[in-house]
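1. based on what follows, work out the 3D shape:
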Amino acid sequence: MEAAAVNSEGLVIPLIDFSSFLNGNPEQRKETAKAILHGFQTAGFIYLKGLPITPQFRKHVFETSAKYFRLPTETKMSHGWTTPEANRGYSALGREKTTKLADIEEVKKLRDAVPDLKESFEIGREGEEGHPNHWPEETGELVGFKETMTEFHTKCKELHMEVMRAIAVGLGIDESWFDKFTDEGDNTLRLLHYPEVNKEVFKVNPGQVRAGAHSDYGSITLLFQDSSYFCNPNFKSYIAAIPGTYASEKDLKYEGINSGQYLVQRLTATY
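-> Numbering: from 1, shown residues only. Got it, this is the predicted structure:
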């Protein structure tokens with residue numbers, strides 16, 4: 001365990017060596033799990049080091065992502081994002097408006113006024129019936145693109161499950177409790193690019209931002225600086241309070257919800 005990565009104005013984001021959970025003895029694993037849980041309960045964010053995904057491979061993923069965004073706009077548009085149920089493909093500048101709002105009409109008004117100045121490419125798990133990934137043609141710089149991104153998606157899915165296991169250990173419940181909610185890998189790998197824009201845009205539109213303030217929709221987000229991996233429960237999972245964490249039904253703060261319905265609801269509002 002190390003000192004906080006961020007300690008400013010009351011916000012403390014811990015820096016945690018995750019290898020202590022993956023490879024440590026029972027006491028080290030428990031200590032690391034408690035630190036992870038505490039970070040999520042207080043700041044809502046944690047920094048992890050000692051990941052099973054090597055820096056060299058992450059660098060390769062970033063470089064491959066950059067090659068994709070160098071494609072002509074018309075080529076990228078042919079891989080276009082289609083539906084919230086699929087949540088796969090390319091989104092051009094202004095297509096999405098990340099916000100805390102959930103009302104579709106309110107989000108549309110905000111998007112029309114100050115669209116997000118970013119482009120993205122979403123990748124889901126392979127083999128999901130009716131929702132194929134929109135892979136680009138592998139020529140020139142993009143040879144090996146699919147192999148790289150599917151490998152990264154798989155590695156992130158495995159990391160997601162390990163982080164959820166750490167949360168379970170920190171909560172004092174069975175380590176595999178969350179496995180049944182996360183084992184299908186219904187997650188989204190998002191490649192992001194923030195193109196250069198004239199600084200005058202921000203002067204003319206005071207509310208203009210690259211990405212609006214928002215909360216993510218799944219269980220956790222693995223943010224690798226250049227690219228994000230959104231970890232969601234299995235699409236068909238029913239998410240409710242863990243038995244034993246409340247005294248009676250009337251003490252429940254939130255009702256249970258179907259994971260897929262919730263994700264589609266949020267994506268429908270923001271695209």
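2. skipping adjacent residues, who's closest to Lys236 in space?
-> Of all residues beyond its chain neighbours, the one nearest Lys236 is Gly260 (6.1 Å), with distances taken as CB to CB, 6 or more residues apart in numbering. The way it works is simple: take the backbone N, C-alpha and C, and place the C-beta from them, glycine included.
3. tell me how many other residues crowd that neighbour.
-> When neighbours are defined as other CB atoms under 10 Å, Gly260 has 18 of them.
4. residues in contact with it?
-> Counting by CB atoms under 8 Å, 6 or more residues apart in numbering, Gly260 touches 85, 186, 235-237.
5. any idea which of those is closest to Ile173?
-> Ser237 (16.6 Å; CB to CB).
6. do I have it right that that closest one meets Asn258?
-> Yes - counting by CB atoms under 8 Å, Asn258 is a contact partner of Ser237 at 7.4 Å.
7. more neighbours: the two, which one.
-> More crowded of Ser237 and Asn258, by other CB under 10 Å: Ser237, with 19 against 15.
8. please name the nearest non-neighbouring residue to Pro132.
-> Arg88 (7.4 Å).
9. quick one: the one you found from Asn232, how far?
-> 13 Å (CB to CB, to the nearest Å).
10. of these two, who's got more company?
-> Asn232 (26 against 23).
11. list the contacts for that one?
-> 186-188, 217-219, 259, 263.
12. any chance you could map the strands in the stretch 101-250 of the chain?
-> Ranges of strands in the stretch 101-250 of the chain, per DSSP state E, counting those that start in this stretch, are 119-123, 188-193, 220-224, 227-231, 238-239.
13. mean pLDDT for these: which is lowest?
-> Of all these, strand 227-231 carries the lowest average pLDDT, namely a mean of 62.
14. state the helix or strand in which Ile53 lies.
-> If you go by DSSP states H and E, Ile53 is not part of any helix or strand.
15. show me the contacts for the spatially closest residue to it that is not a sequence neighbour.
-> Take Ile53 and drop its neighbours on the chain: the residue closest to it by CB to CB, 6+ apart is Lys155, 5.0 Å away. When contacts are counted by CB under 8 Å, 6+ apart, Lys155 touches 52-53, 57.
16. for Glu31, state which of those residues is nearest.
-> Scanning the contacts of Lys155 for proximity to Glu31, where the rule is CB to CB, the winner is Pro52, at 19.2 Å.
17. low-confidence regions, the stretch 1-150 of the chain specifically.
-> Filtered on pLDDT under 70, the stretch 1-150 of the chain yields the residue ranges 1-3, 95-114.
18. just the helices in it please.
-> Listed in chain order, the helices of the stretch 1-150 of the chain (DSSP state H, counting those that start in this stretch) span 19-23, 26-42, 55-69, 73-77, 104-113, 145-171.
19. turn those into CSV, columns for distance to Leu252.
-> Converted to CSV, these look like this (distance: least, CB to CB, whole Å):
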stretch, distance to Leu252
helix 19-23, 30
helix 26-42, 19
helix 55-69, 40
helix 73-77, 45
helix 104-113, 28
helix 145-171, 17
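20. among the ones you listed, which is the most enclosed?
-> helix 145-171 (a mean of 19; mean count of other CB atoms under 10 Å).
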